[in-house]
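Enquirer: A predicted structure for the sequence below; I have some questions about it.
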Amino acid sequence: MVALVPVKALARAKSRLAGTLAPHARARLMHDTLRRTLEVLGQVEAIHQRVVITRDDQVAHWAQAWGATVMQEHVDGLNESLREARAQLADADALLVVPADLGWLAVEDVRAMVALAGSVAPAPAVVIAPDRHERGTNALLLQPPGVIDFAFGPDSAQQHARRALDQGIVPQWYRSSSISLDVDEPDDLTLYDAAPYVL
């Protein structure tokens, strides 16, 4: 299994927090949540490679320092970047897409998603972890990697579920308070700052 962690260029990251955080503070937030994400993924035995997809040199430097592989992003758009990465990882048995801004991601979350996919193996599996609003996709496990196309964007959780059903696959849902927080909006930041977390 390969974990894909897409990261925007720092100049564009967390733009919806621009009215709350200064640019250097938004960059620091990305630094902290990316580090946590890679630390969590590194503790999951089923994940054999952690790949950060970015075009930002600073992000690439951080990722390499934390033991991840860096894949240079050449296309615009999250779905396009993920497709580009998937094409270069043809030998993977499964892909786990994890955004870099999950402030409370826990090792137990990732292991639970892997277990859900394993419960139907060798059949294809799509495991979706929605955000706390039940709209976005905070993590997506695809087994095999090309079982459905990526549909990140508005209402992506339901979009991914529909694409699974179109392939005759019953999507599996994983929900927890720790995986459901992506730090995008000011109210997300308030929650993130209010609660301490551990790996």
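Expert: Thanks, I have the structure now. Residues are numbered from 1 along each chain as shown.
Enquirer: looking at the closest residue to residue 135 other than its chain neighbours now. What's its pLDDT?
Expert: Sequence neighbours aside, residue 155 is the residue nearest to residue 135 in space, at 5.4 Å (criterion: CB to CB, 6 or more residues apart in numbering). C-beta: built from backbone N, CA, C; applies to glycine. Looking at residue 155, its pLDDT reads 95.
Enquirer: so residue 155 sits against residue 133, correct?
Expert: No - counting by CB atoms under 8 Å, residue 133 is not a contact partner of residue 155; they are 10.0 Å apart.
Enquirer: neighbour count winner among the two?
Expert: residue 155 (14 against 11; other CB atoms under 10 Å).
Enquirer: just the pLDDT for the spatially most central residue of the chain.
Expert: Nearest to the geometric centre of the chain sits residue 98, at 1.3 Å (CA atoms, centre = their mean). What the model reports for residue 98 is a pLDDT of 97.
Enquirer: was I right to think it contacts residue 7?
Expert: No - using CB under 8 Å, residue 98 is not in contact with residue 7; the gap is 10.8 Å.
Enquirer: which residues are in contact with both of these two?
Expert: Shared contacts of residue 98 and residue 7, defined by CB atoms under 8 Å, 6 or more residues apart in numbering, are absent.
Enquirer: now do the buried residues in the helix or strand containing residue 80.
Expert: According to DSSP states H and E, residue 80 maps onto helix 78-87. In terms of neighbour count (16 or more other CB atoms under 10 Å), helix 78-87 has its buried residues at 78, 81, 82, 84, 85, 86.
Enquirer: which other helices and strands does it contact?
Expert: strand 2-6, strand 49-54 (3 or more CB pairs under 8 Å, 6 or more residues apart in numbering; DSSP states H and E).
Enquirer: for residue 72, which of those is the nearest?
Expert: Minimum separation from residue 72 across these (CB to CB) falls at strand 49-54, 7.7 Å.
Enquirer: that closest one pairs with which strands, and in what direction?
Expert: Using DSSP bridges, the strands paired with strand 49-54 are strand 2-6 (parallel), strand 69-72 (parallel).
Enquirer: reformat the ones you listed as JSON lines; add mean neighbour count.
Expert: Supplementary listing: the strands paired with strand 49-54 in JSON lines, determined by neighbours: other CB atoms under 10 Å:
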{"stretch": "strand 2-6", "mean neighbour count": "23"}
{"stretch": "strand 69-72", "mean neighbour count": "15"}
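Enquirer: can I get those strands in TSV including distance to residue 45?
Expert: Shown next, in TSV, are those (distance: least, CB to CB, whole Å):
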stretch	distance to residue 45
strand 2-6	12
strand 69-72	18
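Enquirer: out of those strands, which comes closest to residue 162?
Expert: Of all those, strand 2-6 sits nearest to residue 162, with 21.5 Å by CB to CB.
Enquirer: let's see stretch 61-69 as CSV, backbone CA atoms only.
Expert: Extracted C-alpha coordinates of stretch 61-69, given in CSV (Å, rounded to 0.1, in the frame of the first residue of the first chain):
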residue,chain,number,x,y,z
HIS,A,61,12.5,19.6,1.9
TRP,A,62,10.3,18.9,4.9
ALA,A,63,8.9,15.7,3.5
GLN,A,64,12.4,14.3,2.7
ALA,A,65,13.6,15.2,6.2
TRP,A,66,10.7,13.2,7.6
GLY,A,67,11.5,10.1,5.5
ALA,A,68,8.9,10.5,2.8
THR,A,69,9.3,10.1,-1.0
